[in-house]
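1. Next input, structure requested:
(one chain, ligands or ions: 2)
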Amino acid sequence: MAELQSVERALEALLDGVAPLEAEPVAAEQAAGRVLAETVTARLDVPPADNSAMDGYALRHADAGGWLPVSQRVAAGHAPTPLAPGSCARIFTGGEIPPGADTVVMQERVETREDSVFIPGDIAAGDNVRRRGRDVSAGEPLLEAGTLLEAAALGHLAGQGITRVSVRRRPRVALLSTGDEIVDPGQPLGPGQIHNSNRPMLSRLLERFGAELVMRETVPDDFATTRRILGEAAECADVIITTGGVSVGEEDHVRHALESLGRLDLWQLAMRPGKPLALGRIGQARFVGLPGNPVSCFVGAWVYLRPLMGALLGSPRMAELPRLWARAAFATRTQARRHYMRVALDFTPEGVLARAFADQNSAVLSSCLDADALAVIPAHSTLEEGDTVECLWLTH
Ligand SMILES: Nc1nc2c(c(=O)[nH]1)N[C@H]1C(S)=C(S)[C@@H](COP(=O)(O)OP(=O)(O)OC[C@H]3O[C@@H](n4cnc5c(N)ncnc54)[C@H](O)[C@@H]3O)O[C@H]1N2
Ligand code: MOO
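-> Numbering: from 1, shown residues only. Ligands and ions are numbered 1, 2, ... in the order given. A predicted model of the protein is given here:
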């Protein structure tokens, strides 16, 4: 039997020579989930002027500790006038600090009488003043190239009045489900047939990883058809993903079809699940052949497809799964393959606890339902309950 390749070696082969895809303009309103292709520079100070963090009174700090007449009223969105000496201004949160004032006291701390207020003496200069440019300074980098545009980044862009951004094109993916037994939901099942659960699962994961599905096909267990459809996929996709048909059986045609059209870089990995996973290329397209078992697809997507999409999108955050260390609430033992166990994480005051689903067989998709992470159990090792275990966090 061929020697099993390490996951690290497989990732290296998969990502070798992968460069970020070209940039395209997109309306900022449509940019959620996209990855910035270029660094955006701030063009406005935020806030645009010193303003008040509280509803209260603006004054010169030197005038604190006595009664001051209220000489003007400043609401957010309205320009103040210079503060008359020895007076204070009624001001509301977000209101611009009048020239001459340097401090705001919140209204709960003052006493009022007719048109004057008593300002306590124990306030610090600059209290409750949000300085111009405190959040963002014009001319500074606002968002780096490679930023995944999520909620706060979208807010930042809007804060600058930016309506268009340059983002990476979404990777085009062909998702091919192989197997005579595979039938779409909604179609009747014949003898020995099962519904295609891998396709919707992978479609959703790929969407989360920023990809665009350009081709979805079910491919029968037949060499000529497999070869033809792989060829068509290579014409339209950056990444070709197959499920099933990569093991050693006589009905496993994917590998041979791949070799006849392009090249197989690597096959047979020291990981569980996912041993027969195959990596290669056809023309410009990257090829990832996932084993048919649903859990092999789920784990393979997180371990290989997410970094691949991250590399194509130029997103460092997507290229690597966050790691955390948890206390195992289970015991296990491995042999020649590193085991990626599906675990739920409990965040307790005593630390993070990883609970493994009881049945870790690669055909048991139930094990992925509550999976927050993949606990990584090294090959040839024994893990006792209570031991610390490294986990890859399935987030973003
Ligand atoms: N003699 C050996 N047999 C097997 C080996 C081996 O080393 N020697 N490896 C086993 C391992 S590990 C895996 S994983 C599987 C992977 O085989 P394939 O990639 O060829 O996958 P298939 O045989 O086509 O399918 C496996 C399993 O998954 C079901 N399946 C396939 N596609 C779907 C789908 N879209 N939705 C739901 N379920 C699907 C399929 O019916 C099979 O039950 O090989 C072992 N065998
Ligand atoms: O390697 Mo397979 O994915 O365990 O069942």
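
2. Is ligand 1 within reach of stretch 270-288?
-> Yes - applying C-beta under 6 Å from any ligand atom, one finds stretch 270-288 touching ligand 1 at 273, 275-276. Any C-beta I mention is one placed from the backbone N, CA and C, and that applies to glycine too.

3. Including distance to S247, neighbour count and pLDDT, could these go into CSV?
-> Shown next, in CSV, are the residues of stretch 270-288 next to ligand 1 (distance: C-beta to C-beta, whole Å; neighbours: other C-beta atoms under 10 Å; pLDDT from 0 to 100):
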residue, distance to S247, neighbour count, pLDDT
P273, 12, 28, 97
K275, 8, 19, 96
P276, 4, 23, 95
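
4. Quickly name whichever of the residues you listed is closest to A84.
-> Taking C-beta to C-beta as the measure, A84 lies nearest P273 of the residues of stretch 270-288 next to ligand 1, at 75.8 Å.

5. and the chain, which of its residues are near ligand 1?
-> By C-beta under 6 Å from any ligand atom, the part of the chain that sits against ligand 1 consists of 177, 179, 181-182, 194, 196-199, 243-248, 252, 273, 275-276, 291-294, 296, 362-363.

6. Narrow the residues you listed to those in strands?
-> With strands taken from DSSP state E, the overlap with the residues of the chain next to ligand 1 comprises 177, 182, 194, 243.

7. Between these, which sits nearest ligand 2?
-> Ranking those by separation from ligand 2, with C-beta to the nearest ligand atom as the measure, puts T243 on top at 11.2 Å.

8. how about the residue nearest to that closest one when sequence neighbours are not counted, what does it touch?
-> Distances taken as C-beta to C-beta, 6 or more residues apart in numbering put N198 closest to T243, at 4.5 Å, once the chain neighbours are dropped. N198 makes contacts with 177, 243-244, 290, 292, 294, 297, as judged by C-beta atoms under 8 Å, 6 or more residues apart in numbering.

9. and the two most separated of those residues?
-> Using C-beta to C-beta, the two most remote members of these are S177 and P294, lying 11.3 Å apart.

10. what residues go with each domain of the protein?
-> The chain resolves into domains spanning 7-21+170-319, 23-45+143-168, 51-130, 323-393 when parsed by automatic domain parsing.

11. Where does the prediction get shaky in the stretch 1-150 of the chain?
-> With pLDDT under 70 as the threshold, the stretch 1-150 of the chain has low-confidence stretches at 1-2.

12. how about the helices in it?
-> For the stretch 1-150 of the chain, applying DSSP state H, counting those that start in this stretch gives helices covering 7-15.

13. and V74, what are its bridge partners?
-> Taking DSSP bridges, one obtains I91 as the residues bridged to V74.

14. That one is in contact with C88, isn't it?
-> No - counting by C-beta atoms under 8 Å, V74 does not reach C88; the two are 10.7 Å apart.

15. Next up, the contacts around the closest residue to R317 other than its chain neighbours.
-> By the measure of C-beta to C-beta, 6+ apart, the closest residue to R317 outside its immediate chain neighbours is L148, 5.6 Å from it. Contact criterion C-beta under 8 Å, 6+ apart gives 33-35, 315, 317-318, 396 as the residues in contact with L148.

16. filter the residues you listed to the buried ones?
-> Burial by neighbour count, 16 or more other C-beta atoms under 10 Å: within those this picks out 33-35, 315, 318.

17. Identify the farthest-apart pair in those.
-> Looking at these by C-beta to C-beta, the two members farthest from one another are R34 and M318, with 11.5 Å of separation.

18. Most neighbours among the ones in strands among the residues of the chain next to ligand 1, which one?
-> When neighbours are taken as other C-beta atoms under 10 Å, the top entry among those is T243 (30 neighbours).

19. Who does that one form a beta bridge with?
-> The partner list for T243 in beta bridges (DSSP bridges) reads S177, L290.

20. pLDDT wise, what is it at?
-> What the model reports for T243 is a pLDDT of 98.

21. related to what we said a few turns ago, between V74 and C88, who's got more neighbours?
-> Taking V74 and C88 together and counting by other C-beta under 10 Å, C88 has the greater number of neighbours (29 against 23).

22. tell me, which strand in this structure spans the most residues?
-> The single longest strand within the chain, with elements called by DSSP E, is strand 338-348.

23. Could you look up the next helix or strand downstream of that strand?
-> Under the assignment DSSP states H and E, the closest C-terminal helix or strand after strand 338-348 is strand 351-356.

24. got any ranges where the stretch 201-350 of the chain has weak pLDDT?
-> Per-residue confidence for the stretch 201-350 of the chain (pLDDT under 70) gives no ranges below the cut-off.

25. now the helices: where do they sit in it?
-> Listed from the start of the chain, the stretch 201-350 of the chain has helices (DSSP H, counting those that start in this stretch) covering 223-236, 254-261, 294-300, 306-313, 316-319.

26. Using TSV, please lay out those together with distance to G95.
-> What follows is the helices of the stretch 201-350 of the chain, written out as TSV (distance: least, C-beta to C-beta, whole Å):
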stretch	distance to G95
helix 223-236	56
helix 254-261	66
helix 294-300	53
helix 306-313	42
helix 316-319	38
